[in-house]
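1. I'd like to go over a predicted model; first the sequence, then the structure.
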Amino acid sequence: MFKYFLLSLLSLTLLPFSCLGADNNKQLIKIGVLAHRGHDEALQRWSLTADYLSDVIDGYQFIIKPKSLSSMKDAVENNLIEFILTNPGNYVDIEANYGATRIATLRVKQRDHAYTSFSAVIFTRYDRHDINKLEDLRDRTFMAVNKNAFGGFQMAWLEMIKVNINPFEDLADLQFSGFPQDNIVYAVESGKIDAGTVRSDTLERMASEGAISIRDFKILNKQHSDSFPLLHSTRLYPEWPFAKLKKTNDQLAQKVAVALLTMDPNSKAATISRSEGWTIPLDYTPVHDVFKTLKIGPYAKIDNVTIEKVIDQYWHYILLVIITLFALGGIIVYISNTNHNLNLTQNNLRNEIESRRKAQLELAQHRDTLEQNVIKRTKELANLNKELQEDIIARKAAEASLKKSSHTLQTLHEITSSRHMSFEGKVDALLRTGCNCFNMDYGAFMQIKDGELQVIRFVGNKPFYKRKDWFKPDYLFASEMKLDADPLVVNDISQHPVLKQRKQFTQLGIQSYFGIPVVVAGTLFGYLEYGAVSASSITRSLIDIDMLQLISQWIGGEIQRQQSHENAQKHQADLAHVARLGTMGEMASGLAHELNQPLTAIVNYTRGCVRRLTSKEADMPAIVDAMEHSCSEAERAAEIIRRMRELVNKEVPRREFNDINNIIEVVIRLVQPKIKSHHVNIKRELDQDIPNIYVDRIQIEQVLINLLNNAIDAMKNTPLLDREIIIQSLVNDQGVQVKVYDRGNGLPQNMKSDVFEPFFSTKNEGMGMGLSISRSIIEAHEGSLNAEQRELGGSIFSFTLPLGNEVDNDES
Amino acid sequence: MTNHNVYVVDDDQAVRDSLRWLIESVGLNVKTFSNGQELLENFNEAEISCLVLDVRMPGISGLDLQQRLKNMDAKIPVIIVTGHADVPMAIQAMKAGAFDFIEKPYSDQLLLERIQCAIEQDDCFKKQQAVNNEINERIDSLTPREKEVMGLVVTGHSNKGIAKELGVSIKTVEVHRGNLMSKMKAQSLSELVRLVMSSTHTSNQD
């Protein structure tokens, strides 16, 4: 906007002075020609064309002004020339910036052909086997004519951009030779430069002049076109245009166009310009497109350049305009000030009158509002008084129910935190408390099992249910109660659409109902419910509902705690089982030997019998005796297998009362093969008056096997005669203790506690899990496993299991 | 087949008793011991024809026991029985001169056959030993002069040469020679040589 403003301002103040020629007969018309192959060559090439125009068009003298790319711009900018004859790139630049119009396109002659289009050749030496396509140009040296040369660089630039090569960043070196382009061809031919680009006819021309041989070059990205047989690497662009500049007279331009189009293709002027004259102007938008893509030329930074240049050129006019504006501004300010003061005085007067009128009006309004406020306030006070009285009543009620709930909560707390009651006892107490608190006749805790309800605990005045009663699923009121729902309160079952259909209720005469789901670990476990034979008239208070929820949550939480405890025990048992499998694997060869003994005996007995019977020396009582022995050996083998299977079997941990001495004997039997093969003497010191302990037999056997195995292994380096294990059982304050003494290496120093860590091992074989699992087993039995150094050398491993280690199982 | 004693050492009573039952079925006498120490305490080489040892026993193992017997110069054939044989164990047993090495559970046929063979070998050995003992007794009955004469006779000296060697008359040599021939119960010179040779052979072997 600013630009146009300035321009129009300038055109108002200044009348353009035309630069009419000096010659009165003939007006001098200058044609700016791009001298891409040097000043002289341009003159030589185009002078005859200028002469031709001078001849054909009356009253004008045409002359050629050879220009470089930059001097061409200067000449256009300063209106030093009327026409331009230049390459398409330069043309579109001038067209966009200075408003040139092409009037003809050159028909370039090349070996008896005329071309109105041209292209660029990108080439390298024929023997550069490392450069075969445009992509290979990356990190090579490259030469072009000029950064601004259209055919001599920009066409090639666009092709490189298409294969993601930015010639200014991705090439090893980008050099510009300047015109003539022949230098580029020589540089590539000599190998000084890896590759280069020139206008499309350059190579053919130089070859025809004998300067080069085309076979010495390799064309990259070679394009093919029937209408354009010259070597080229890019799309085709229109040839050089002949264009008029903006200020050039249109009629003159028209005459020039006609003259050019009618030029004889075989005329000298045409020949020397290496053309067949001119043709109608072609479409130069492909050239624009190149510039747009490359963001160069007219599409680089149009506005800035123009403004700067305009300001630069016409600064004195701008200064004059600014001074004039300032003077005008000063006068306007003075007049408006005077005017403003007058207005101000008038306004003040008017305002004063207005505000006095307003004040009177407001005074009247205030009086009215005051009266209304007094009436409203009185009314509010009356209401407040009423609310206060209601509040006092409500508070008294709340206090009473608070007292009640506090009392009930106290009771609940006493029950749930009791140390003397079992879980079942606590549930019963809670049910009883609920009956009192909710004014109900019975309370029941039911569990859903296989889609049926089982009454687990029941408390009531009358035998409504028996414990372990089972209910058909039709009793389930899942549809009535969702998991996270509030308690179901039914004050009159006969009025309830679903519950009144439950025959249990009608049969038992239950009239009111108060129940809630019991949720364990997010799933429905069962129900907690209270019922009464009379319909209840009072609505359930929030406190009742809270209370019921509290009881249900406590029961659910307690069951979940028990379940997770059971899960932990099961996990420990699984671990123990895996370890047992490992132990059995290690003991397998020993046990095979142990089985071999009875099998050998059986074979011996029966074969002996067979021999006697066949030799007819049969001493019948002796044979019967031998058969008896054989049988008992078979039983012995079976017993060994049974023991092995017990250890390997994965059984649910099952605690029973067991005789620890019996466990010790069984274990010694199992470990016997190893004891024998290691020549270990085993000594029993067993207290025969030990009460039975409540343990999982298999697991305790496992611990003992582990301790005996360790004791034997520890004595590998002990002299044969000293190899002795003492196994001791006794009763002390803590319970029943079993001690295993060995004469082995003893405990590793400072590692007493480490021996119980998983994967701790002093042996070469084995997992090092034995003691860790043994300890977990003993601790699961509320006992302790200890290791100590023996004074004589060797170590003592002992475990203690509490007496009366019995689950609180008051009723069953 | 009678009067042959087979000794069985096994710590497992059932195996021990059943072995007795089996071996007795072929008419052999069996004595059983529960450990090596017990056997050593009751050891009488002449009485035993074959020894059956279990390898794996508390205290003295079967192989140890075999070694001890060898050190005592006992020449009874030993059959080693094991429930879990391995190559090093077998090599050790055979090196120590075991008669055989049998793995449990074995066929009764095999065990009894091996026991029979062992007994035969023992019989043979014992007979040979009896003969040697007899010859040694005869040699012991000779006077020093007679032994001297016998030594020269078996090395091929004539009566005349012996008389000259010992500085006595030929007649005296003839008397000594007649006495020693009858004491050695030798019918001919060649028989005398054989008796002396076998005696020398056994003494060399020791």
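-> Ah, there it is. In this text, all values refer to a predicted model and were calculated from it rather than measured experimentally.
2. pretty sure A:E685 belongs to a helix, no?
-> No: if the criterion is DSSP: H, G, I helix; E, B strand; the rest coil, then A:E685 is strand and not within a helix.
3. For chain B, list the residue farthest from the centre, please.
-> In chain B, the residue that sits farthest from the middle, by Cα atoms, centre = their mean, is B:S169; the gap is 43.7 Å.
4. How about the contacts made by that residue?
-> Taking Cβ atoms under 8 Å, 6 or more residues apart in numbering or on different chains, we find B:S169 in contact with B:A163. (C-beta placed from N, C-alpha, C; glycine too.)
5. Quickly list the domain ranges of the chain.
-> I'll assume chain A. Domains of chain A are assigned by automatic domain parsing as A:19-113+A:239-313, A:120-229, A:423-540, A:570-801.
6. try again with chain B
-> B:5-125, B:142-205.
7. Check which helix or strand the residue in the stretch 251-400 of chain A positioned nearest to chain B maps to.
-> Distance from chain B to each residue of the stretch 251-400 of chain A (Cβ to the nearest Cβ) is smallest for A:A400, at 84.8 Å. For A:A400, the host element (DSSP states H and E) is helix A:315-416.
8. related to what we said a few turns ago, can you give me the neighbour number for the residue of the stretch 251-400 of chain A closest to chain B?
-> Residues near A:A400, counting by other Cβ atoms under 10 Å in any protein chain shown, number 10.
9. what pLDDT does it get?
-> As summarised for this prediction, A:A400 has a pLDDT of 79.
10. Show me which residues of chain B are close to chain A?
-> Proximity of chain B to chain A is confined to B:11-12, B:14-15, B:17-19, B:21-22, B:24-26, B:56-59, B:61, B:83-84, B:104-106, B:108 under the rule Cβ under 8 Å from any Cβ of the partner chain.
11. before we move on, the earlier item: could you check the pLDDT of the residue farthest from the centre of chain B?
-> Taken from the predicted model, the pLDDT recorded for B:S169 is 89.
12. now for the helix holding A:A400, which elements pack on it?
-> Using 3 or more Cβ pairs under 8 Å, 6 or more residues apart in numbering or on different chains; DSSP states H and E as the contact definition, the elements that helix A:315-416 packs against are helix A:2-13, helix A:423-438, helix A:542-614.
13. residue boundaries of the strands in chain B?
-> Ranges of strands within chain B are B:5-9, B:29-33, B:50-54, B:78-82, B:100-103, based on DSSP state E.
14. Can you lay out these as CSV showing mean pLDDT and mean neighbour count?
-> Putting these into CSV (pLDDT from 0 to 100; neighbours: other Cβ atoms under 10 Å in any protein chain shown) gives the following:
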stretch, mean pLDDT, mean neighbour count
strand B:5-9, 93, 22
strand B:29-33, 93, 18
strand B:50-54, 90, 27
strand B:78-82, 88, 24
strand B:100-103, 84, 18
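15. TSV please, covering the ones you listed and showing distance to A:I456.
-> Compiled in TSV, the strands of chain B are given as follows (distance: least, Cβ to Cβ, whole Å):
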stretch	distance to A:I456
strand B:5-9	66
strand B:29-33	65
strand B:50-54	62
strand B:78-82	62
strand B:100-103	62
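16. Out of the ones you listed, flag the one nearest A:I664.
-> With respect to A:I664, and counting by Cβ to Cβ, the nearest of those is strand B:50-54 at 26.1 Å.
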